[in-house]
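**Student:** Have a look at this prediction, sequence included:
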Amino acid sequence: MAIKKGSPLLIIATAIIIVIIVSLLPLSKWTGGRVKDFSLFSDILKEVGVMEDVANPEEEIDPELVKAMKEAEERNPLTANDSVLSQPIDTIISAPKAPRQGGIVVIEDYTTDGVGLIQFRHAIETGSLARVAVVGDSYIEGDIFTQDLREKLQDAYGGAGVGYVSMHSDFPGFRKSVRQEGKGWKTFMANKKPDPRYIDLAEQYSLPTGPANAAYRGTDAFAHTSSWERSRFLFISPQNSVINVKTEGGEWEERNIAASDSVQCIEVATPTSSFELKTASTSLVCLGVWLDGVKGVSLDCMSSRGFSGITLTKVNVPLCRQMASFIDYNLIILEFGINAMSASQKNYSLYSSRMVDVINHVRRCYPRADILVMGVGDRGEKRGGTVRSMSTAPAMISAQRDAARRAHCLFWDTREAMGGEDAVVEWSNAGLINKDYIHMTHKGGARLADELFKAIQHNLQ
């Protein structure tokens, strides 16, 4: 049967053909990201639940970074059709592909005189407690990746406990390495107009809203997390306060705290598998709890969802110097970048410059620490009906590497360690990364931790 011109069937067939053709076109590439790729069939499959959606990277940019971009644009206006980051502010010198030795993606050393992990190595060699802080975004939330890196380091060099734990967690059951409970806290974050006097490396602090309590218990999920040897609670008490603490099998001990604007510490130096505290002193500024061994390695996980890293310039230097008398660091690992990326952005030189400022500021806070920048991990984007590595990931990694080079610190190419281009697809198929094609599963975190551990070991040789 012949189809007449103008018939509904012909119109529908023509429309479907046009949609199919458009679905196959690289619209994002042609338009610089202003028009997104799409696929009619993948959208239908997603709607009926056959295919998972890939997170829209445009929705995850750190508002603090957006603010910085706007400020830069006001200082140096561009055309209305350009992003401020689409124009180079500093020249990014792209290093060659991340070096490998014996199958290991090695740590790139941009330190002055090539000293590598000198402070971390010294702490290990002298038998003192080598303390590591991994400061990052939601990529390490719930101690993913850091829990396995901690275990491997403690297997190799000794140590116990999980290090830093915040006063409150909205999702305490998500973390496997420690059981956390409590109530009665109000938490202030670095991006929510906090009191700048109280922002430390973790970028948060908590105040009791009335009677408040926090409890921490060890778990058998990892080899060295069931118990620890030293429990410490760091705080500032602007007014006289009363704090009660208790460890496993013990009685509540009341501590009367004299008013002071300086950091104070309650320490219970006894082996235990639990630590609890309670207070009704609402002026108390609570910085966190640290559960450690007395030697070996301690590793703190400090994650802040949605952060790009640039708020670390708000960390209070005198506060950190005071805290360092109790909790100092030999190695600080900065894991950021996810919340600074977009599918349309190819130049991240402004972000690179801001991260140079961050590295130098962190160095002022903890001058004895080695600093290692982790490049962003591989993440996916939808191109038509196919998931591939985000095309702008190499540009972000180049910017991060350049920041490490200009700030004279260490750099590790996370994405290359995952397998490089399209590693996100392999990791997804193997259950190592979630269906947002960004965040690792616990299994994926363990695999990545093994790669960084081998790189650290290689550097220490």
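**Tutor:** Perfect, I can see it now. Numbering: from 1, shown residues only.

**Student:** And stretch 194-201, end to end?
**Tutor:** Using Cα to Cα, to the nearest Å, one end of stretch 194-201 lies 14 Å from the other.

**Student:** roughly how far apart are residue 114 and residue 108?
**Tutor:** The spacing between residue 114 and residue 108, counted by Cβ to Cβ, to the nearest Å, is 10 Å. (Each C-beta comes from the backbone N, C-alpha and C, glycine too.)

**Student:** Between those two, tell me which one has more neighbours.
**Tutor:** Neighbour tally, residue 114 and residue 108, criterion other Cβ atoms under 10 Å: the higher count belongs to residue 108, 22 against 8.

**Student:** pretty sure that one is touching residue 410, no?
**Tutor:** Yes. If you go by Cβ atoms under 8 Å, residue 108 and residue 410 touch, sitting 6.8 Å apart.

**Student:** Return, as residue ranges, the portions of the stretch 51-200 of the chain with sub-threshold pLDDT.
**Tutor:** 51-59, 76-96 (pLDDT under 70).

**Student:** Report the next helix or strand after the helix or strand harbouring residue 188 in sequence order.
**Tutor:** Under the criterion DSSP states H and E, the helix or strand holding residue 188 is strand 179-189. Next helix or strand after strand 179-189 toward the C-terminus (DSSP H and E): strand 204-217.

**Student:** Specify the angle between that next one and strand 179-189 in degrees.
**Tutor:** Strand 204-217 runs at 180 degrees relative to strand 179-189, counting by axes from the mean of the first three to the mean of the last three Cα atoms, to 10 degrees.

**Student:** pLDDT of strand 204-217, averaged?
**Tutor:** In this model, strand 204-217 has a mean pLDDT of 98.

**Student:** any idea how far the helix or strand just after that strand is from the chain center?
**Tutor:** Beyond strand 204-217 on the C-terminal side, the first helix or strand identified by DSSP H and E is strand 230-237. Strand 230-237 sits 24 Å away from the centroid of its parent chain (Cα atoms, centre = their mean, to the nearest Å).

**Student:** got the contact list for the closest residue to residue 227 other than its chain neighbours?
**Tutor:** What sits nearest to residue 227 in space, not counting adjacent residues and going by Cβ to Cβ, 6 or more residues apart in numbering, is residue 273, at 4.3 Å. By Cβ atoms under 8 Å, 6 or more residues apart in numbering, the contact list for residue 273 reads 217, 218, 226, 227, 228, 248.

**Student:** phi, psi of residue 273?
**Tutor:** When read as degrees, to the nearest 10, the backbone of residue 273 gives phi -110, psi 10.

**Student:** Please apply the same query to residue 383.
**Tutor:** phi -120, psi 100.

**Student:** How many neighbouring residues does it have?
**Tutor:** Neighbours of residue 383 (other Cβ under 10 Å): 21.

**Student:** where does it sit relative to residue 434, distance-wise?
**Tutor:** 19 Å.

**Student:** what sits in contact with each of residue 108 and residue 410?
**Tutor:** Shared contacts of residue 108 and residue 410, counting by Cβ under 8 Å, 6+ apart, come down to residue 404.

**Student:** Report the central residue of this protein.
**Tutor:** residue 136 (2.0 Å; Cα atoms, centre = their mean).

**Student:** Provide a list of residues in contact with that residue.
**Tutor:** 302, 303, 304, 333, 334, 335, 336, 374.
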